[in-house]
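> No sequence on hand, only this structure:
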């Protein structure tokens with residue numbers, strides 16, 4: 001996916017770059033730069049993939065080639 005597709009899909013699930021930054025405890029710039037491929041943050045990228053319910057390799061196909069495509073996405077929901 002390109003950055004605009006990811007941003008659109010995040011909006012569909014009620015997430016904005018600012019809300020993601022607050023939730024993850026990072027700056028808005030870190031989220032934006034990760035989305036646009038200007039910097040790499042495996043933490044942010046994995047969280048975004050989890051929010052979309054997609055594997056990291058689908059959301060950021062060129063950014064993290066070292067990561068296995070079958071790595072489970074992390075859950076941001078608390079355990080019951």
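Received, thanks. These numbers were taken from a predicted model, which means no experiment stands behind them.

> Which of the residues in the lowest-mean-pLDDT helix or strand in the chain are classified as buried?
Ranking every helix and strand in the chain by mean pLDDT, DSSP states H and E puts helix 56-59 at the bottom, with a mean of 90. Buried positions in helix 56-59, judged by neighbour count with 16 or more other C-beta atoms under 10 Å: 56-57, 59. Every residue, glycine included, has its C-beta placed from N, CA and C.

> Same question for stretch 45-56.
45-52, 54-56.

> which among the residues you listed gets closest to residue 9?
residue 52 (5.5 Å; C-beta to C-beta).

> Same list (the buried residues of stretch 45-56) but as JSON lines, adding secondary structure.
Listed next are the buried residues of stretch 45-56 as JSON lines, based on DSSP: H, G, I helix; E, B strand; the rest coil:
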{"residue": "45", "secondary structure": "helix"}
{"residue": "46", "secondary structure": "helix"}
{"residue": "47", "secondary structure": "helix"}
{"residue": "48", "secondary structure": "helix"}
{"residue": "49", "secondary structure": "helix"}
{"residue": "50", "secondary structure": "helix"}
{"residue": "51", "secondary structure": "helix"}
{"residue": "52", "secondary structure": "helix"}
{"residue": "54", "secondary structure": "coil"}
{"residue": "55", "secondary structure": "coil"}
{"residue": "56", "secondary structure": "helix"}
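
> which of the residues you listed lies closest to residue 17?
For the buried residues of stretch 45-56, the nearest to residue 17 is residue 48 (9.6 Å; C-beta to C-beta).

> hmm, back to that, which strands and helices lie in contact with the least confident helix or strand of the chain?
helix 42-52 (3 or more C-beta pairs under 8 Å, 6 or more residues apart in numbering; DSSP states H and E).

> Just the residues contacting the helix it packs on, thanks.
6, 9-10, 13, 15, 20, 23-24, 26, 30-31, 34-35, 55-56, 58-60, 63-64, 67, 73-76 (C-beta atoms under 8 Å, 6 or more residues apart in numbering).
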